[in-house]
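**Q** Build me a structure from this.
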Amino acid sequence: MPQAATVPCQYRTGRTLGSGTYAIVKEAVHIKTGKYYACKVINKKLMEGREFMVRNEIAVLKKISSGHPHIVTLHDYFETSNNLYLCFDLCTGGELFDRICAKGNYHEPDAAGLVRTIMNSVKYIHEAGIVHRDLKPENLLFRTPAEDADIMIADFGLSRVMDEERFHLLTEICGTPGYMAPEIFKKTGHGKPVDIWAMGVITYFLLAGYTPFDRDTQHQEMEAIIAGDYKFEPQEYWANVSDTAKDFVSECLTIDPQSRPSAAQMLQHRWLADSTPHFVPDPSSPHGGPYDLLPQIQKRLDAKTRFKRAVWSITAMKRMSMLVNLSPVAAELGKNIDVYKEESEKVRLPPPQCTSTQLLPYATEMNR
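**A** Coordinates of the predicted model:
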């Protein structure tokens with residue numbers, strides 16, 4: 001097996017930016033250039049027996065991310081004795097929902113513009129043979145705080161490079177429950193259509209501030225998703241949203257994945273394709289402009305925050321259960337995951353040296 005060179009570390013890590021299921025994200029600066037990145041730090045103990053997860057994420061991002069304005073770019077990856085490091089664009093503009101709530105106002109055409117940009121990026125991903133599998137507002141980030149900043153699709157940890165010959169046979173449960181398509185729960189096989197379903201949930205969320213299948217328990221939520229049981233209710237949240245927008249959501253939330261439109265087809269939907277924006281006119285507006293949706297959305301902020309916290313813990317359990325048969329120590333690993341992440345968070349780069357450019361044995365074959 002080829003060996004990567006051991007060299008002095010080129011990065012210095014700083015504050016912790018966030019935490020995921022099996023990794024933490026830290027701010028990192030490239031020592032020579034002074035450029036800042038977001039660095040995903042993964043404890044190697046978490047990857048024992050599941051190295052394919054890191055290998056897969058790198059393969060996906062090398063295939064699609066370089067230079068695309070709305071997809072985070074993987075700039076570098078390396079390892080130390082205890083951790084793996086993946087360096088991405090540092091997105092400082094915040095998450096989608098937080099950005100919306102920080103605005104003074106927010107209208108249906110604003111939502112359509114965001115969805116159009118994201119759907120175009122999904123189309124690009126799908127045409128490259130990738131399915132994301134975890135599209136949700138938390139994975140949609142703005143590059144900078146500037147008002148016209150690019151929105152970016154992030155977190156490709158559950159994505160797959162699709163082999164059309166066999167990918168439809170994959171039946172593992174993965175993703176974030178409220179955004180998962182029926183076929184994932186039913187284990188009937190899934191592929192690119194799961195991202196279109198997630199876009200329907202995201203669009204519903206962007207228009208009302210809550211998800212269409214939100215229920216009191218996870219089991220009830222799963223049953224609602226499988227049955228496609230949702231409504232544009234309560235009326236007070238939807239009275240100021242156009243029927244065209246509702247139709248767009250309904251098209252995305254087609255239960256049968258074989259009948260669900262593609263990203264390219266959804267980009268031709270009137271809500272995104274028409275030159276004249278769709279909205280319900282506000283009679284109090286001097287020029288008959290659209291209603292401000294922000295007040296109603298902000299009412300749901302606290303509920304959304306609670307939902308986000310609950311989903312995070314559920315997602316962690318689901319990802320670990322997906323891996324439970326890969327290693328005899330997987331069950332024990334689940335008990336220690338927080339400990340391993342805390343170990344990674346305490347580490348400060350640069351150590352005396354690190355293995356640069358390649359993640360051996362994780363990524364050697366991709367760098368040949």
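**Q** Show me the shaky parts of this protein.
**A** Within the chain, the segments meeting pLDDT under 70 span 1-8, 20-21, 67, 163-173, 301-368.
**Q** Now do the contacts for the residue nearest the centre of it.
**A** The chain has residue 139 as the residue nearest its centroid, 3.3 Å off, counting by C-alpha atoms, centre = their mean. If a contact means C-beta atoms under 8 Å, 6 or more residues apart in numbering, then residue 139 has 153-155 as its contacts. Any C-beta I mention is one placed from the backbone N, CA and C, and that applies to glycine too.
**Q** Just the ones of those residues in strands?
**A** Members of the contacts of residue 139 lying in strands (criterion: DSSP state E): residue 153.
**Q** quick one: which of the contacts of residue 139 has the most company?
**A** residue 153 (24 neighbours; other C-beta atoms under 10 Å).
**Q** As a check, name the ranges of all helices in the stretch 1-150 of the chain.
**A** 44-47, 52-64, 96-102, 108-127 (DSSP state H, counting those that start in this stretch).
**Q** now the ones you listed in CSV, with distance to residue 250?
**A** Formatted as CSV, these follow (distance: least, C-beta to C-beta, whole Å):
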stretch, distance to residue 250
helix 44-47, 40
helix 52-64, 29
helix 96-102, 22
helix 108-127, 14
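**Q** Please tabulate those helices in a markdown table and include distance to residue 241 and mean neighbour count as additional columns.
**A** Shown next, in a markdown table, are the helices of the stretch 1-150 of the chain (distance: least, C-beta to C-beta, whole Å; neighbours: other C-beta atoms under 10 Å):
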| stretch | distance to residue 241 | mean neighbour count |
| --- | --- | --- |
| helix 44-47 | 42 | 20 |
| helix 52-64 | 32 | 20 |
| helix 96-102 | 15 | 18 |
| helix 108-127 | 6 | 20 |
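**Q** ok, back up a step: tell me which of the contacts of residue 139 is nearest to residue 246?
**A** Distances from those to residue 246 were compared by C-beta to C-beta; the smallest belongs to residue 153, at 24.5 Å.
**Q** from memory residue 24 sits against residue 18, does it?
**A** Yes. The criterion here is C-beta atoms under 8 Å, and residue 24 meets it with residue 18 at 7.2 Å.
**Q** When the two are compared, which one has more neighbours?
**A** residue 24 (20 against 12).
**Q** Could you measure from that one over to residue 158?
**A** According to C-beta to C-beta, to the nearest Å, residue 24 and residue 158 sit 17 Å apart.
**Q** Count the residues that sit near residue 143.
**A** Around residue 143 there are 17 residues (other C-beta under 10 Å).
**Q** Test my guess that it contacts residue 88.
**A** No. Using C-beta under 8 Å, residue 143 is not in contact with residue 88; the gap is 11.3 Å.
**Q** Would you mind giving the domain segments of this structure?
**A** Using automatic domain parsing, the domain ranges for the chain come out as 1-90, 96-293.
**Q** could you dump these to a markdown table with distance to residue 299?
**A** What follows is those, written out as a markdown table (distance: least, C-beta to C-beta, whole Å):
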| stretch | distance to residue 299 |
| --- | --- |
| domain 1-90 | 26 |
| domain 96-293 | 7 |
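**Q** ok, back up a step: and residue 272, which of the helices of the stretch 1-150 of the chain is closest to it?
**A** Shortest distance between residue 272 and these, using C-beta to C-beta, is found for helix 108-127: 4.7 Å.
**Q** How about the secondary structure of residue 207?
**A** At residue 207 the chain is in helix, as set by DSSP: H, G, I helix; E, B strand; the rest coil.
**Q** what's near enough to touch it?
**A** Counting by C-beta under 8 Å, 6+ apart, residue 207 touches 108, 111, 238, 241, 245, 249, 293.
**Q** what's the answer for residue 198, then?
**A** By C-beta under 8 Å, 6+ apart, the neighbours of residue 198 are 132, 134-136, 175, 179-181.
**Q** So residue 229 belongs to a strand, correct?
**A** No. Residue state for residue 229 (three-state DSSP) corresponds to coil; a strand is not indicated.
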